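# Next input, structure requested:
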Amino acid sequence: MSDALIRIDRHEGAVAELVLDRPSAMNAISTDMAKALTAACEELAADTGVQAIVLTSSHEKAFCVGADLKERNSLTDAQLVRQRPIARAAYSAVLDLPVPTIAAIDGFALGGGCEIALSCDIIVASEKATLGLPEVSVGVIPGGGGTQLVTRRIGWSKAARMIFACMRFTAAEAKEYGLVDDVVPAGSAREAGLELAATIAKNSPVGLRNAKKAMRLGFDVDLRTGLEVEDACWRATAFSGDRAEGVAAFNEKRAPRWPGA
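Numbering: from 1, shown residues only. As a prediction, the model looks like this:
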(Lines give C-alpha, C1' and ligand atoms only; values in the text may rest on other atoms or scores of the structure.)
Protein backbone atom coordinates (compact mmCIF):
# COMPACT_ATOMS: atom_id res chain seq x y z
CA MET A 1 0.00 0.00 0.00
CA SER A 2 1.30 3.46 -0.89
CA ASP A 3 1.19 6.32 1.55
CA ALA A 4 0.07 9.66 0.16
CA LEU A 5 -0.53 10.79 3.79
CA ILE A 6 -3.41 13.14 2.90
CA ARG A 7 -5.46 13.23 -0.29
CA ILE A 8 -8.17 15.59 -1.48
CA ASP A 9 -10.88 14.15 -3.74
CA ARG A 10 -13.42 16.52 -5.22
CA HIS A 11 -17.00 15.49 -5.90
CA GLU A 12 -19.90 17.02 -7.79
CA GLY A 13 -22.01 19.52 -5.92
CA ALA A 14 -19.17 21.44 -4.22
CA VAL A 15 -18.25 18.56 -1.89
CA ALA A 16 -14.63 17.80 -1.05
CA GLU A 17 -13.40 14.58 0.52
CA LEU A 18 -10.31 14.89 2.71
CA VAL A 19 -8.83 11.39 2.88
CA LEU A 20 -6.47 10.27 5.63
CA ASP A 21 -4.16 8.21 3.46
CA ARG A 22 -1.36 6.51 5.39
CA PRO A 23 -2.71 2.96 5.22
CA SER A 24 0.57 1.23 6.11
CA ALA A 25 0.32 2.73 9.62
CA MET A 26 -3.50 2.77 9.98
CA ASN A 27 -3.25 6.54 9.53
CA ALA A 28 -1.11 7.07 12.63
CA ILE A 29 -0.28 10.77 12.66
CA SER A 30 3.42 11.35 12.03
CA THR A 31 5.05 14.76 11.85
CA ASP A 32 4.89 14.66 8.06
CA MET A 33 1.24 13.61 8.09
CA ALA A 34 0.38 16.46 10.47
CA LYS A 35 2.05 18.92 8.08
CA ALA A 36 0.16 17.41 5.15
CA LEU A 37 -3.15 17.66 7.01
CA THR A 38 -2.55 21.33 7.78
CA ALA A 39 -1.67 22.05 4.15
CA ALA A 40 -4.74 20.22 2.84
CA CYS A 41 -7.05 22.06 5.21
CA GLU A 42 -5.52 25.40 4.23
CA GLU A 43 -6.08 24.55 0.57
CA LEU A 44 -9.72 23.66 1.19
CA ALA A 45 -10.33 26.69 3.43
CA ALA A 46 -9.16 28.97 0.62
CA ASP A 47 -11.37 27.27 -2.00
CA THR A 48 -14.63 29.19 -2.22
CA GLY A 49 -16.02 26.48 -4.48
CA VAL A 50 -16.16 24.01 -1.59
CA GLN A 51 -19.39 23.96 0.40
CA ALA A 52 -18.95 20.87 2.58
CA ILE A 53 -16.07 18.57 3.51
CA VAL A 54 -16.11 14.90 4.48
CA LEU A 55 -13.11 13.43 6.31
CA THR A 56 -12.59 9.78 5.46
CA SER A 57 -9.90 7.11 5.51
CA SER A 58 -8.24 4.96 2.86
CA HIS A 59 -7.90 2.10 5.40
CA GLU A 60 -10.94 -0.14 5.74
CA LYS A 61 -10.25 -0.98 9.38
CA ALA A 62 -9.18 2.40 10.73
CA PHE A 63 -10.15 6.03 10.45
CA CYS A 64 -7.02 6.99 12.41
CA VAL A 65 -5.34 5.28 15.38
CA GLY A 66 -3.84 8.47 16.78
CA ALA A 67 -0.29 9.74 17.13
CA ASP A 68 2.57 7.76 15.60
CA LEU A 69 4.00 6.33 18.83
CA LYS A 70 6.85 4.64 16.98
CA GLU A 71 8.01 8.03 15.81
CA ARG A 72 7.36 9.56 19.22
CA ASN A 73 9.50 6.88 20.86
CA SER A 74 12.50 8.08 18.86
CA LEU A 75 12.10 11.76 19.73
CA THR A 76 14.15 13.56 22.35
CA ASP A 77 12.38 15.99 24.65
CA ALA A 78 13.72 18.87 22.57
CA GLN A 79 12.39 17.28 19.37
CA LEU A 80 9.00 16.69 20.99
CA VAL A 81 8.84 20.37 21.94
CA ARG A 82 9.53 21.33 18.32
CA GLN A 83 6.93 18.87 17.07
CA ARG A 84 4.17 20.14 19.34
CA PRO A 85 3.16 23.25 17.34
CA ILE A 86 3.11 21.15 14.16
CA ALA A 87 0.63 18.75 15.73
CA ARG A 88 -1.48 21.54 17.20
CA ALA A 89 -1.65 23.29 13.84
CA ALA A 90 -3.05 20.15 12.19
CA TYR A 91 -5.93 19.72 14.64
CA SER A 92 -6.66 23.45 14.60
CA ALA A 93 -6.73 23.42 10.81
CA VAL A 94 -9.54 20.86 10.86
CA LEU A 95 -11.43 22.71 13.59
CA ASP A 96 -11.12 26.03 11.75
CA LEU A 97 -12.40 24.85 8.37
CA PRO A 98 -14.98 27.51 7.45
CA VAL A 99 -17.56 25.19 5.87
CA PRO A 100 -19.55 22.31 7.40
CA THR A 101 -17.41 19.24 8.07
CA ILE A 102 -18.39 15.60 8.53
CA ALA A 103 -16.17 12.84 9.93
CA ALA A 104 -17.07 9.46 8.42
CA ILE A 105 -15.67 6.71 10.65
CA ASP A 106 -15.27 3.06 9.74
CA GLY A 107 -13.07 1.13 12.14
CA PHE A 108 -10.81 2.64 14.79
CA ALA A 109 -10.82 6.33 15.71
CA LEU A 110 -8.51 6.45 18.69
CA GLY A 111 -6.55 9.22 20.37
CA GLY A 112 -5.68 11.81 17.77
CA GLY A 113 -8.00 10.09 15.32
CA CYS A 114 -10.91 10.59 17.65
CA GLU A 115 -9.81 14.20 18.12
CA ILE A 116 -9.84 14.79 14.35
CA ALA A 117 -13.42 13.53 14.33
CA LEU A 118 -14.32 15.71 17.31
CA SER A 119 -12.96 18.71 15.40
CA CYS A 120 -15.67 18.17 12.78
CA ASP A 121 -19.22 19.48 13.02
CA ILE A 122 -20.95 16.12 12.51
CA ILE A 123 -19.71 12.58 13.15
CA VAL A 124 -21.10 9.60 11.21
CA ALA A 125 -19.91 6.17 12.37
CA SER A 126 -20.45 2.74 10.94
CA GLU A 127 -21.50 -0.16 13.13
CA LYS A 128 -17.92 -1.44 13.16
CA ALA A 129 -16.44 1.84 14.45
CA THR A 130 -14.54 2.05 17.73
CA LEU A 131 -13.84 5.39 19.38
CA GLY A 132 -11.68 6.27 22.35
CA LEU A 133 -9.18 8.63 23.94
CA PRO A 134 -6.60 6.26 25.53
CA GLU A 135 -3.80 8.81 26.01
CA VAL A 136 -3.46 8.56 29.80
CA SER A 137 -2.72 4.85 29.41
CA VAL A 138 0.58 5.79 27.74
CA GLY A 139 1.46 8.65 30.06
CA VAL A 140 0.11 11.66 28.17
CA ILE A 141 -3.25 13.39 27.82
CA PRO A 142 -5.41 14.14 24.78
CA GLY A 143 -3.57 17.04 23.17
CA GLY A 144 -5.40 17.59 19.91
CA GLY A 145 -8.33 19.33 21.54
CA GLY A 146 -9.79 16.17 23.05
CA THR A 147 -10.13 17.33 26.66
CA GLN A 148 -12.03 20.40 25.50
CA LEU A 149 -14.02 19.11 22.54
CA VAL A 150 -15.32 15.89 24.07
CA THR A 151 -16.35 17.70 27.26
CA ARG A 152 -18.32 20.20 25.22
CA ARG A 153 -19.88 17.45 23.14
CA ILE A 154 -20.96 14.95 25.81
CA GLY A 155 -20.62 16.74 29.16
CA TRP A 156 -18.15 16.60 32.03
CA SER A 157 -18.93 13.29 33.73
CA LYS A 158 -19.15 11.27 30.52
CA ALA A 159 -15.97 12.87 29.22
CA ALA A 160 -14.26 12.13 32.53
CA ARG A 161 -15.11 8.43 32.30
CA MET A 162 -14.00 8.31 28.69
CA ILE A 163 -10.64 9.99 29.31
CA PHE A 164 -9.75 8.80 32.82
CA ALA A 165 -10.77 5.17 32.26
CA CYS A 166 -9.55 5.09 28.63
CA MET A 167 -12.93 3.74 27.61
CA ARG A 168 -13.41 2.49 24.06
CA PHE A 169 -16.89 2.82 22.64
CA THR A 170 -18.64 0.86 19.95
CA ALA A 171 -20.64 2.96 17.53
CA ALA A 172 -23.87 2.16 19.38
CA GLU A 173 -22.34 3.12 22.74
CA ALA A 174 -20.89 6.29 21.24
CA LYS A 175 -24.31 7.22 19.88
CA GLU A 176 -25.88 6.66 23.31
CA TYR A 177 -23.20 8.88 24.87
CA GLY A 178 -23.75 11.60 22.28
CA LEU A 179 -20.23 11.14 20.95
CA VAL A 180 -21.40 10.41 17.40
CA ASP A 181 -24.46 11.71 15.59
CA ASP A 182 -25.42 8.90 13.23
CA VAL A 183 -24.73 5.15 13.12
CA VAL A 184 -24.92 3.45 9.73
CA PRO A 185 -24.31 -0.10 8.50
CA ALA A 186 -20.74 -1.39 8.42
CA GLY A 187 -18.77 -0.07 5.49
CA SER A 188 -21.23 2.70 4.64
CA ALA A 189 -19.97 5.65 6.71
CA ARG A 190 -18.19 7.26 3.76
CA GLU A 191 -21.25 6.95 1.53
CA ALA A 192 -23.50 8.34 4.27
CA GLY A 193 -21.11 11.22 4.92
CA LEU A 194 -20.89 12.15 1.26
CA GLU A 195 -24.68 11.96 0.89
CA LEU A 196 -25.19 14.29 3.84
CA ALA A 197 -22.49 16.65 2.54
CA ALA A 198 -24.22 16.79 -0.85
CA THR A 199 -27.47 17.78 0.86
CA ILE A 200 -25.70 20.49 2.86
CA ALA A 201 -23.82 21.81 -0.16
CA LYS A 202 -27.04 22.62 -2.03
CA ASN A 203 -27.55 25.57 0.29
CA SER A 204 -26.17 29.10 0.16
CA PRO A 205 -22.35 29.25 0.33
CA VAL A 206 -22.48 32.56 2.17
CA GLY A 207 -25.19 31.27 4.49
CA LEU A 208 -23.32 28.08 5.34
CA ARG A 209 -20.06 29.85 6.16
CA ASN A 210 -21.71 32.55 8.24
CA ALA A 211 -23.98 30.10 10.06
CA LYS A 212 -20.95 28.02 11.05
CA LYS A 213 -19.05 31.15 12.06
CA ALA A 214 -21.92 32.29 14.27
CA MET A 215 -22.24 28.87 15.90
CA ARG A 216 -18.51 28.49 16.54
CA LEU A 217 -17.87 32.01 17.82
CA GLY A 218 -21.05 32.13 19.88
CA PHE A 219 -20.82 28.73 21.54
CA ASP A 220 -18.63 29.57 24.54
CA VAL A 221 -19.80 33.09 25.32
CA ASP A 222 -22.76 34.39 27.28
CA LEU A 223 -26.11 34.59 25.51
CA ARG A 224 -26.08 38.35 25.01
CA THR A 225 -22.64 38.22 23.41
CA GLY A 226 -23.67 35.24 21.34
CA LEU A 227 -26.66 37.12 19.97
CA GLU A 228 -24.35 39.97 18.95
CA VAL A 229 -22.14 37.45 17.15
CA GLU A 230 -25.22 36.08 15.41
CA ASP A 231 -26.36 39.57 14.39
CA ALA A 232 -22.98 40.38 12.83
CA CYS A 233 -23.06 37.13 10.86
CA TRP A 234 -26.68 37.76 9.86
CA ARG A 235 -25.73 41.17 8.49
CA ALA A 236 -22.84 39.66 6.55
CA THR A 237 -25.34 37.27 4.95
CA ALA A 238 -28.45 39.42 4.58
CA PHE A 239 -26.85 41.93 2.23
CA SER A 240 -25.15 39.35 0.04
CA GLY A 241 -25.95 38.24 -3.48
CA ASP A 242 -26.87 34.84 -2.06
CA ARG A 243 -29.67 36.36 0.01
CA ALA A 244 -31.07 38.21 -2.99
CA GLU A 245 -30.90 35.07 -5.15
CA GLY A 246 -32.40 32.88 -2.43
CA VAL A 247 -35.43 35.12 -1.96
CA ALA A 248 -35.91 35.50 -5.72
CA ALA A 249 -35.67 31.75 -6.31
CA PHE A 250 -38.20 31.06 -3.56
CA ASN A 251 -40.72 33.47 -5.03
CA GLU A 252 -40.14 32.23 -8.58
CA LYS A 253 -40.45 28.61 -7.42
CA ARG A 254 -37.09 27.51 -8.87
CA ALA A 255 -33.78 26.18 -7.62
CA PRO A 256 -31.40 28.98 -6.61
CA ARG A 257 -28.28 29.74 -8.59
CA TRP A 258 -26.00 30.87 -5.79
CA PRO A 259 -23.46 33.57 -6.68
CA GLY A 260 -21.54 32.64 -3.54
CA ALA A 261 -20.95 36.25 -2.54
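# Show me where this protein has its strands.
Per DSSP state E, the chain carries strands over the ranges 5-11, 15-21, 52-57, 62-64, 101-105, 108-110, 122-126, 130-132, 168-170, 182-184.
# Now render those strands as TSV, adding mean pLDDT, mean neighbour count and distance to residue 225.
For every residue, glycine as well, the C-beta is placed using N, CA and C. Formatted as TSV, those follow (pLDDT from 0 to 100; neighbours: other C-beta atoms under 10 Å; distance: least, C-beta to C-beta, whole Å):
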stretch	mean pLDDT	mean neighbour count	distance to residue 225
strand 5-11	97	16	36
strand 15-21	98	23	32
strand 52-57	98	28	28
strand 62-64	98	28	35
strand 101-105	98	29	24
strand 108-110	98	27	33
strand 122-126	98	26	25
strand 130-132	98	23	32
strand 168-170	97	17	34
strand 182-184	98	20	31
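# can you tell which of these is closest to residue 82?
Taking C-beta to C-beta, strand 5-11 is the member of the strands of the chain nearest to residue 82, at 19.4 Å.
# rewinding a little: can you say which of the strands of the chain is nearest to residue 74?
Closest to residue 74 of the strands of the chain is strand 5-11 (C-beta to C-beta; 18.5 Å).
# For that closest one, which helices and strands make contact with it?
Other elements packing on strand 5-11 under the criterion 3 or more C-beta pairs under 8 Å, 6 or more residues apart in numbering; DSSP states H and E are strand 15-21, helix 31-45, helix 189-200.
# Quick check: neighbours of it in the sheet, parallel or antiparallel?
Here strand 5-11 has these sheet partners by DSSP bridges: strand 15-21 (antiparallel).
# Which residues does the partner strand contact?
3-11, 27, 33, 37, 40-41, 44, 47, 50-59, 63-64, 113, 116, 190, 194, 197-198, 201 (C-beta atoms under 8 Å, 6 or more residues apart in numbering).
# try it again with 6 Å
4-5, 7-10, 27, 40, 44, 50, 52-58, 64, 197-198, 201 (C-beta atoms under 6 Å, 6 or more residues apart in numbering).
# returning to that earlier point: quick one: the strands of the chain as TSV, columns for distance to residue 214 too.
What follows is the strands of the chain, written out as TSV (distance: least, C-beta to C-beta, whole Å):
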stretch	distance to residue 214
strand 5-11	26
strand 15-21	22
strand 52-57	17
strand 62-64	29
strand 101-105	16
strand 108-110	28
strand 122-126	17
strand 130-132	28
strand 168-170	30
strand 182-184	23
